[in-house]
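Q: coordinates only, sequence not included:
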């Protein structure tokens, strides 16, 4: 396991996961509660029954990326389109055009949007303290999903970030950092 590799096998850690990373962090917490001190889920996947419209558009864009299409896709994921830097667009195009990247992206997106953690499994996260952060304007994974996580995990707290979309840590970094600092300390 990764924790053993980095010599943390005897220490409890805090996990933070965003989107698919939230799904993965939830699964790790369910499987290794004895290793987890606290969990933070940010606009987490894991409860989608199918891809949302914006995820379908994102997949189509990733399979046929152009600067304009990628920019438009990213602009739909944030509360304010001016927050999408050119470096993000160019970086995505560079990475998605690497060998096997499109196949990996497609299979990961499809799997993560059609396989659910499920409420019974989420309940296994209890009693791990869990902070759930969600951008109020998340068009990728709608705000209603935050409630599914909050209701399933007894020892959880939901913080909704105003004026943020799917990546509130990028749009409102000071606010998210303060929430993390307060919760993790």
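A: Yep, it's here. The structure displayed is predicted, hence computed values, not measured ones. Residues are numbered from 1 along each chain as shown.

Q: need the helices for this structure, in chain order.
A: 2-5, 20-31, 53-63, 67-75, 86-96, 101-114, 119-122, 144-152, 168-171, 173-184 (DSSP state H).

Q: export those helices to a markdown table and tack on mean pLDDT?
A: Shown next, in a markdown table, are the helices of the chain (pLDDT from 0 to 100):
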| stretch | mean pLDDT |
| --- | --- |
| helix 2-5 | 62 |
| helix 20-31 | 96 |
| helix 53-63 | 97 |
| helix 67-75 | 98 |
| helix 86-96 | 98 |
| helix 101-114 | 94 |
| helix 119-122 | 96 |
| helix 144-152 | 97 |
| helix 168-171 | 96 |
| helix 173-184 | 98 |
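
Q: can I get those helices in TSV with distance to residue 138?
A: All C-beta atoms are positioned from the backbone trio N, CA, C, and that covers glycine. Listed next are the helices of the chain as TSV, based on distance: least, Cβ to Cβ, whole Å:
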stretch	distance to residue 138
helix 2-5	28
helix 20-31	12
helix 53-63	9
helix 67-75	13
helix 86-96	17
helix 101-114	14
helix 119-122	19
helix 144-152	8
helix 168-171	8
helix 173-184	13
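
Q: between those helices, which one is nearest to residue 47?
A: Proximity to residue 47, assessed across these by Cβ to Cβ, is greatest for helix 144-152 (5.0 Å).

Q: mind checking pLDDT for the spatially most central residue of the chain?
A: The centre of the chain sits closest to residue 19, judged by Cα atoms, centre = their mean, with a distance of 1.5 Å. With respect to pLDDT, residue 19 scores 96.
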